[in-house]
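Visitor: Show me the folded form of this:
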Amino acid sequence: MTTRPRLSVVVPVFNQAASIIGNLEVVRSRLRDALGDDFEIVVVSDGSIDATEDELVSGAPAGAYRVFHYDRNLGKGYAVRLGALEAQGRWIGFIDADLDLDPRALATYVLRAEDAQLDFAIGSKRHPESQVFYPRSRVVASWCFQQLVRLLFRLNVRDTQAGLKVFRREVAEQVMPLLLVKRYAFDIELLAVARAFGFSRIEELPITLDYRFSGSGVRSRAVLRAVIDTAAIFYRLRILRYYQRRRRLAGTFGFTRPRDAPSVSVLVSRGREFKELDFPGVDVVSVDVRDLRGAVVGDYQPAVAAAGGEVVAILEPAARPAGNWLSATTPFLARPEIGAVVTPKMAPVTGNARERAAAGVTESRVGVGLGYFRHTPGNIRYVREYPASAIVVRRSTMLTVPAATRLDDLVAAIARQGELVLYTPEAVVVSNPPPLFAPHLGRVWDRASSRGSGVRRGDVRVSVVPRVSLAVGIVVAVVAAVFFELSASEAAGVAVVVLYAAAVLLAAAASSLRHQSFRVGALVAIGIVLTHLVYVAGFLRGVARG
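Guide: So this is what the prediction gives:
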């Protein structure tokens, strides 16, 4: 932008369809009183399922807010990170959508930060001028937690957790891309890592807090998780020195994407609508591909050749990308060494039992690598294989990939051509996995056959070895236990089977609890075992036939 707004306010929201427009209008009117129109409001709907997104689109005044939505609840930290990376202001702030905190303070914080040349202006419940209506038990718990934070990180801050902060945009560019915490300890990670990188001018300012609290059970779980996350941040920052190493590898600005994005053509299946809320001028091209099973790059290349954009974005028929999908990926292609960009793929939390069970299998840590995640990985990195349901690729690169390449193998084909493929967690894509059993196992067979064919060509990847070795080892152990007397080695094989069964049952139990369904858990257990057997068979078939 040639002229940036003075302030960008990020407002994370989850399931507040009934009140969100009214609350945002309060934020907007109070900021306008102090800053005029020199600000923007960035609203991030964090997987809302109560029509919050529809209300933001249809009920808000035209052009009042920039809105981003994704279909999985990933936590306030992830929502703030997404909004901060999309923000255009010279200063960036965030506030909760429920208005427990007075939004008028945001304007005061900006003025103070500019006057004192601060890096952060943050709200504090312990500031002597703060007006806080807060349960006594929460005051005690918060004080104890803050003493732990000060001890671990040497932060001269009395309150890190108030949901009202303003910081320089350089903090978003240099610190935000490295953060991993998505939920309870996001504020601590932001302040601790920023301080480690030299953004140490932090001032606490008063707040007005009218706390609306409900549900001590939720509070207890949140406190426990915050303590665990805080310990993990200390381990990464002080012991592993993860953030420092990432910065040395990626440069001062990490992998922060360039602001200039190429022109984009989006390829979608015929009859499918594509809606991108914050990326104007997209050329939408229809392609006659209804099912990705068996789809090859050649099915898309005629449309790619006719497309007008420098970059093509390919979206599988059932995929629903986050509102920032294109703005978070296409600017990376301004770097000539990058040929394509992929994002995390996640399953929805709704659907019938077979669909939810398929999600449990694909997201499980004992699965076979179908590209689904339960929690969004935070590391931005280069990948050499990734079965993406949505990919943004340079048009010239797409035209040079062999036409017979399966779409699931597109990332590997681009990597073989010597171009880099970047994985970024800044946006997510939600897509229903094929349901159990036949559609899911058919996808597993195709994936395994492709990997086996790669091995026959000499393309051996380390990620294939543990999957095949585990499954083959289990088969050998079962045969040894059934047909022979148990020797020490055979007993070890039985132990492997027992451990495998325990891993399967744990994954099934986790899915059962998550979906509140014993049937889903039972289907997940059966699905994992069948998935491994089919993967081995498909892999061996690929090795044998090429």
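Visitor: wait, what's in contact with the residue most central in space within the chain?
Guide: Nearest to the geometric centre of the chain sits residue 376, at 3.8 Å (C-alpha atoms, centre = their mean). The contact partners of residue 376, by C-beta atoms under 8 Å, 6 or more residues apart in numbering, come to 74, 78, 182, 344, 346, 425, 428. Heads up, the C-betas are built off the backbone N, CA and C, glycines and all.
Visitor: Just name the shakiest helix or strand of this protein by mean pLDDT.
Guide: helix 464-483 (a mean of 60; mean pLDDT, DSSP states H and E).
Visitor: Which SSE is immediately downstream of that one?
Guide: helix 488-515 (DSSP states H and E).
Visitor: model confidence over the helix or strand that that next one is followed by, on average?
Guide: Following helix 488-515 in sequence order, the next helix or strand is helix 518-545 (DSSP H and E). Per-residue pLDDT over helix 518-545 has a mean of 90.
Visitor: just checking, what packs against helix 518-545?
Guide: With contacts taken as 3 or more C-beta pairs under 8 Å, 6 or more residues apart in numbering; DSSP states H and E, helix 518-545 sits against helix 353-363, helix 438-456, helix 464-483, helix 488-515.
Visitor: Flag whichever of those has the least confidence on average.
Guide: helix 464-483 (a mean of 60).
Visitor: pLDDT weak spots in the stretch 1-150 of the chain?
Guide: Residue ranges of the stretch 1-150 of the chain with pLDDT under 70: 1-2, 134-137.
Visitor: in it, which spans are helices?
Guide: Taking DSSP state H, counting those that start in this stretch as the criterion, the stretch 1-150 of the chain contains helices spanning 20-35, 52-59, 76-86, 104-116, 136-153.
Visitor: Tell me which residues are up against the fourth one.
Guide: Counting contacts by C-beta under 8 Å, 6+ apart, the residues outside helix 104-116 that touch it are 6-7, 9, 30-31, 33-35, 91, 93, 95, 118, 120-123, 164-166, 168, 201, 203, 205-208.
Visitor: before we move on, the earlier item: which ones among the contacts of residue 376 map onto helices?
Guide: Members of the contacts of residue 376 lying in helices (criterion: DSSP state H): residue 78.
Visitor: how about residue 430, phi and psi?
Guide: With angles defined as degrees, to the nearest 10, residue 430 sits at phi -100, psi 130.
Visitor: Show me the one of the helices of the stretch 1-150 of the chain that comes nearest residue 189.
Guide: Closest approach to residue 189 among these is made by helix 76-86 (7.7 Å; C-beta to C-beta).
Visitor: list the helices and strands that closest one packs on?
Guide: Under the contact rule (3+ C-beta pairs under 8 Å, 6+ apart), helix 76-86 is packed against strand 7-13, strand 39-46, strand 66-70, strand 91-95, helix 186-196, helix 325-329.
Visitor: Nearest to residue 85, out of the ones you listed?
Guide: For those, the distance to residue 85 is smallest for helix 325-329, at 7.1 Å, taking C-beta to C-beta.
Visitor: Sheet-wise, list the partners of the helix or strand that comes right after that closest one with their directions.
Guide: Counting by DSSP H and E, the next helix or strand C-terminal to helix 325-329 is strand 338-342. Strand pairing for strand 338-342, using DSSP bridges, gives strand 390-394 (antiparallel), strand 420-423 (parallel).
Visitor: Kindly report the domain assignment for this structure.
Guide: 7-250, 264-434, 441-545 (automatic domain parsing).
Visitor: Columns distance to residue 257 on top of the ones you listed, output as a markdown table?
Guide: Below are the domains of the chain laid out as a markdown table (distance: least, C-beta to C-beta, whole Å):
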| stretch | distance to residue 257 |
| --- | --- |
| domain 7-250 | 8 |
| domain 264-434 | 4 |
| domain 441-545 | 27 |
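Visitor: Indicate which one of the helices of the stretch 1-150 of the chain is closest to residue 504.
Guide: Nearest to residue 504 among the helices of the stretch 1-150 of the chain is helix 76-86; the distance by C-beta to C-beta comes to 29.5 Å.
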